[in-house]
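**Q** Sharing a sequence plus its predicted fold:
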Amino acid sequence: MSSRLHAPVVLPCDPTCGVLRDAVVDVADDGRITHVGPAATAPAFDGERRELTGILMPGLVNTHAHSPMTVLRGLGGDLPLLRWLQEAIWPNEAKMTPQDSGAGMLLGAVEMLRNGVTTSAEMYFHAEQLVESALAAGSRTVVGIAVLDLPGMPWRPMAEAIDKWIDADGLRFGPGDRVELGYGPHSAYMLAPEVLGELAAAARQRGALTQIHVAEAPNEDAAQRASHGSVPKLLEQAGVLDGRVLSAHSVHLSAEDIAIYAKHRVGVAHCPGSNTKLASGIAPLRAYLDAGVPVGLGTDGPASNDDLDLFEEARLAALLARVTALDASAVKAADALLLATRGGAAALGRTDIGTLAPDHWADLVHIDVDDPAFATGLDAPDDQILANLVWATGSRRVLDVWVAGEQVVAGGESTRVDRAEAQAAVGAVAARLRG
C-alpha cells in the first residue's frame with residue numbers, strides 16, 4: 001500500500017544538503033519514492049498517512065563491512081592490522097562454518113538497521129548465508145563475494161562460482177532489489193595482477209562492482225609498491241579500474257594515486273574508526289574530495305572497529321579531517337552527513353539509494369528529537385539542525401527505519417528478528433570458537 005510520511009524536518013541529502021520544513025515523502029506500492037517536498041504544495045494523496053515527530057532522512061550507506069565478524073568481536077583488540085589478521089582473525093575464521101557466518105550477519109544486519117544503516121557493502125565468505133541473513137533482517141546489501149588464492153583455496157573456483165550465481169539470479173534480486181552481487185578480490189598482496197585483471201573483466205562483463213582492499217596499512221603492499229610504484233598503478237595497469245570499483249581503506253595513497261582514482265571514478269570506502277583503532281593511519285579525505293573522487297564511509301568489520309555505527313564514522317571522519325588540516329571548516333556537518341548517504345551511494349556506483357528523491361528506493365530513517373541534543377528546537381537555523389544531528393545525536397535516536405518502503409525497525413527494534421535470539425546465536429558461535 002502506498003504511504004505518505006509527514007515530518008517537521010526532512011533531509012533529502014541532495015547535493016546542497018538542504019533542509020525541508022513541514023515536508024512529506026510519498027512512497028509507492030513498489031517501495032520507491034514518488035514525491036518529496038513541502039506539505040503545503042504536495043500533490044493529492046489517498047494512501048496511508050503517517051505523522052512523524054522528528055527528522056526524516058535517507059538510510060545510511062555503509063560502503064565497507066565484514067558484518068559476519070560479529071562472532072569475532074573483541075579479538076586481538078590491541079594488535080596492529082597484520083598481526084591482528086594473522087594471530088586473532090584468520091585462525092578463527094578457518095573454524096567458522098557457513099551457519100556461523102549466517103548467524104554473525106543476521107546480528108550485524110540488525111545492529112546496522114537499528115543504527116540507521118539500510119545498505120551495507122559486504123566482503124566475506126559463505127555469501128549464500130550472508131544473503132539469507134540480510135534478507136531475513138530486511139536490509140539491503142551489496143555483496144563482494146570473497147576471492148583469495150591460498151593453499152587449498154585456489155581463486156578460480158571461487159571466481160567461477162560468482163560468475164554462475166550472477167548469471168543465474170541476475171545482478172540484483174530480492175524484494176526491493178535488496179541484494180546486489182559482485183566480486184570481492186581481497187587485495188593486491190593476496191592475488192596476482194593477472195588474476196585481478198581477469199576478475200575485473202568478469203565483473204565488467206556483468207556490470208558488477210569489484211570491491212578490493214587497498215593500502216590499508218603502511219607496509220602491507222611493499223612488494224607491489226616495489227614492482228609497480230603503488231597498488232593503484234598496479235590496478236590501472238592490470239585493467240582493474242575500467243569498471244565499477246570500490247577501493248576500501250585507501251589510507252596510504254599519493255597525489256598521483258589519487259589522480260588515477262579520479263580519472264577512473266574509483267569509489268573509496270573511508271573507514272576512520274577501524275583505521276584509527278588498528279593504528280593503520282588516516283586517509284587523505286579532503287584530498288579525495290577535492291580531486292572529485294567518490295567517497296563513502298565504512299565501518300569495516302565489527303572485530304576491528306568494533307561497532308557498526310555509521311553516524312560515528314561520519315563524526316570521526318570530519319574530526320580527523322579537521323585536525324589533520326588544522327582547519328575547522330575542512331569537513332562540515334553537512335559534508336559528513338552527505339558522505340554517509342549520497343556519498344556512499346556514489347562510491348558504490350548506485351543511483352537509486354542515498355537520497356530522498358523520486359524513483360529512489362524508500363530507504364528511510366526517522367530520528368527522534370526528544371533528546372537534549374535537540375533542546376534548541378527544530379525551528380533552529382538549518383546549520384544548527386545539521387550540527388546537532390551530526391555532532392550531538394548520531395545513532396542513539398534512530399527510532400524507525402524503512403527499506404524499500406517496508407518498516408524494518410519500529411521504536412528502535414527490529415520488526416523481523418528477535419534480537420535476543422540473534423545475540424544468543426552469536427554467543428554460542430563465539431563460545432565454540434573459543435573452545
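**A** It's in.

**Q** When you work out contacts or count neighbours from here on, use the C-alpha atoms and nothing else.
**A** Will do.

**Q** how near is the residue nearest to the spatial centre of the chain to Val293?
**A** For the chain, the residue nearest the mean C-alpha position is Asn62 (1.3 Å; Cα atoms, centre = their mean). Distance, Asn62 to Val293, by Cα to Cα, to the nearest Å: 17 Å.

**Q** The residue nearest to the centre of the chain pairs with what?
**A** With DSSP bridges applied, Asn62 shows beta-bridge pairing to Ser120, Leu297.

**Q** before we move on, what about Gly267?
**A** Assigned bridge partners for Gly267, using DSSP bridges, are Leu246.

**Q** what about it, how many neighbours?
**A** Around Gly267 there are 27 other residues, counting by other Cα atoms under 10 Å.

**Q** which parts of the helix or strand hosting Leu386 are buried?
**A** Secondary structure assigned from DSSP states H and E places Leu386 in helix 382-387. Residues Asp382, Gln384, Ile385, Leu386, Ala387 are the ones in helix 382-387 that count as buried (16 or more other Cα atoms under 10 Å).

**Q** burial measure for Ala287, as a count.
**A** Residues near Ala287, counting by other Cα under 10 Å: 15.

**Q** Next up, the contacts around Glu216.
**A** In this structure, Glu216 makes contact with Ala248, His249, Ser250, Val251, His252, Asn275, Ser280, Gly281, judged by Cα atoms under 8 Å, 6 or more residues apart in numbering.

**Q** Kindly recompute the last result at 7 Å.
**A** Residues near Glu216 by Cα atoms under 7 Å, 6 or more residues apart in numbering: His249, Ser250, Val251, His252, Ser280.

**Q** The spatially closest residue to Ser139 that is not a sequence neighbour and Gly354, how far apart?
**A** Distance criterion Cα to Cα, 6 or more residues apart in numbering; nearest residue to Ser139, sequence neighbours excluded, is Thr118 at 5.6 Å. Counting by Cα to Cα, the gap from Thr118 to Gly354 is 9 Å.

**Q** so what sits against both of those two?
**A** Shared contacts of Thr118 and Gly354, counting by Cα under 7 Å, 6+ apart, come down to Gly59, Leu60, Val61.

**Q** State the pLDDT value of the closest residue to the last one other than its chain neighbours.
**A** Ranked by Cα to Cα, 6+ apart and with sequence neighbours excluded, the top spatial neighbour of Val61 is Thr119, at 4.9 Å. At Thr119, the model reports a pLDDT of 99.

**Q** following the helix or strand encompassing Ala201, which helix or strand comes up?
**A** Taking DSSP H and E as the definition, Ala201 sits inside helix 193-206. Going down the chain from helix 193-206, the next helix or strand is strand 209-214, by DSSP H and E.

**Q** Can you name every helix or strand that whichever helix or strand comes after that following strand contacts?
**A** Later in the chain than strand 209-214, the nearest helix or strand by DSSP H and E is helix 222-228. Judged by 3 or more Cα pairs under 7 Å, 6 or more residues apart in numbering; DSSP states H and E, the packing partners of helix 222-228 are helix 231-237.

**Q** Show me what the helix it packs on is in contact with.
**A** Helix 231-237 has contacts (Cα under 7 Å, 6+ apart) with Ala188, Val214, Gln224, Arg225, His228, Leu241, Asp257.

**Q** Phi and psi next, for the first one.
**A** Torsion angles at Ala188 (phi, psi; degrees, to the nearest 10) stand at phi -70, psi -20.

**Q** Could you measure from it over to Ala283?
**A** With Cα to Cα as the criterion, Ala188 and Ala283 are 18 Å apart.

**Q** Dump stretch 144-151 to CSV, keeping only the CA atoms.
**A** What follows is stretch 144-151, C-alpha atoms only, in CSV (Å, rounded to 0.1, in the frame of the first residue of the first chain):
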residue,chain,number,x,y,z
GLY,A,144,31.6,-8.6,-2.8
ILE,A,145,32.0,-12.3,-2.6
ALA,A,146,35.4,-13.1,-1.3
VAL,A,147,38.2,-14.3,-3.6
LEU,A,148,41.6,-15.3,-2.4
ASP,A,149,44.4,-17.6,-3.6
LEU,A,150,45.8,-19.7,-0.7
PRO,A,151,47.0,-23.3,-0.3
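
**Q** can I get the buried residues of helix 382-387 in JSON lines with distance to Trp84?
**A** Compiled in JSON lines, the buried residues of helix 382-387 are given as follows (distance: Cα to Cα, whole Å):
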{"residue": "Asp382", "distance to Trp84": "43"}
{"residue": "Gln384", "distance to Trp84": "40"}
{"residue": "Ile385", "distance to Trp84": "40"}
{"residue": "Leu386", "distance to Trp84": "37"}
{"residue": "Ala387", "distance to Trp84": "36"}
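
**Q** Would you format these as JSON lines with pLDDT included?
**A** Output for the buried residues of helix 382-387, formatted as JSON lines (pLDDT from 0 to 100):
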{"residue": "Asp382", "pLDDT": "98"}
{"residue": "Gln384", "pLDDT": "98"}
{"residue": "Ile385", "pLDDT": "98"}
{"residue": "Leu386", "pLDDT": "98"}
{"residue": "Ala387", "pLDDT": "98"}
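
**Q** Those residues: which two are farthest apart?
**A** For the buried residues of helix 382-387, the maximum inter-member distance is 8.6 Å, found between Asp382 and Ala387 (Cα to Cα).

**Q** what ranges of this protein fall below the confidence cut-off?
**A** Filtered on pLDDT under 70, the chain yields no residues whatsoever.

**Q** Break it down into its domains, please.
**A** Listed by automatic domain parsing, the domain ranges of the chain are 3-57+361-414, 60-347.

**Q** so which of those domains comes closest to Arg434?
**A** Taking the domains of the chain one by one with Cα to Cα, domain 60-347 is closest: 8.5 Å.

**Q** From Leu82, how far out is Gly344?
**A** Separation of Gly344 from Leu82 (Cα to Cα): 27 Å.

**Q** Among the two, which residue is more densely surrounded?
**A** It is Gly344, of Gly344 and Leu82, that has more neighbours when counted by other Cα under 10 Å, with 31 against 15.

**Q** that's a helix at Ala109, yeah?
**A** Yes - according to DSSP: H, G, I helix; E, B strand; the rest coil, Ala109 belongs to a helix.
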